[in-house]
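Participant: got a structure for you, letters missing:
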C-alpha cells in the first residue's frame, strides 16, 4: 500500500514485481552514469578542456562514443527481455479468474468453479469503515490463495479498461471482444489495491481493484461459502 510522501515503489508482493524493482534499480544506475558523463563532458567543453584539435578529431573517441551506446543498450535490453518473457509465461496455473471491465465496475468469474462470480463496486466515502481506503476499497475482494500461480483473463464489456495492481506487478488492458491474460504469484497474505489504469469515462477513477491473498485452506473455505450463497 502506498503512503504519503512515498518516493519509491510499493513493497513487492510477487516475484514478478521483485524482478521489476531490480530492473528499475539497474536501469536507474545506468541513467545516472550516463547523465554524469554527459554533464562532465559539457562542463569540460565549456571550460575549453575538450575543444582542442586532438580531441575533436580523435578516432579513438569516435570509436568509444559509437560502441558505448551499443553496450548500454545491451545491458538494458537483456534483463528487459528476460522480464518480458517472465510476464508472458504462465505455466499450469492453480486458479483462473476472469475479470471483465464495465462502466464503471469490475465483474469476476472463477472459471474453475461452476457458479462462482460477483460484481465488485467501489465503496462510497460515507460508507467506509475505519481502516478502509477511500477510492480503493470495493465491496467484494478478489480472493486468491497465496504462494499459488494465478492466471487472470481480462476483457471489457463496453470500452477500454485496464486491470492493474502495482504491488503485484500486473497491468493488463481490458479490450472489448478480446481476451488478454496475465499471471502472478502472491508472495504473502494481505490485501493489495489497484485501479483501472485506462481512461474509460466519467467515473474512471471509481473502479478500484482489491486482491486479497489468503492461505490455501482459507481460500477453500471462502469458495465453499460463496458457492453456498450463490
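Facilitator: Arrived safely, thanks for sending. Treat the numbers as computed from the prediction; the structure is a model and nothing was measured.
Participant: for the chain, which helix or strand comes out least confident on mean pLDDT?
Facilitator: Across the helices and strands of the chain, mean confidence by mean pLDDT, DSSP states H and E is lowest for helix 53-56: a mean of 62.
Participant: may I see the buried residues of the helix or strand following that helix?
Facilitator: Remark: after helix 53-56, the chain's next helix or strand is helix 59-88, criterion DSSP states H and E. Neighbour-count burial for helix 59-88, counted by 16 or more other C-beta atoms under 10 Å, picks out residue 87. C-betas here are computed from N, CA, C, even on glycine.
Participant: roughly how far out does the next helix or strand after helix 59-88 sit from the chain middle?
Facilitator: For helix 59-88, the following helix or strand on the C-terminal side (DSSP H and E) is strand 95-102. Centroid separation between strand 95-102 and its chain, computed with C-alpha atoms, centre = their mean, to the nearest Å, is 16 Å.
Participant: tell me which other helices or strands strand 95-102 touches.
Facilitator: Helices and strands touching strand 95-102, by 3 or more C-beta pairs under 8 Å, 6 or more residues apart in numbering; DSSP states H and E, are strand 105-110, strand 142-145, strand 149-156, strand 161-165, strand 170-174.
Participant: can you pull the buried residues of stretch 109-118?
Facilitator: 109, 110, 116, 117, 118.
Participant: report the mean confidence score over the longest helix seen in the chain.
Facilitator: Using DSSP state H to define each element, the chain has its longest helix at helix 15-46. Per-residue pLDDT values over helix 15-46 give a mean of 90.
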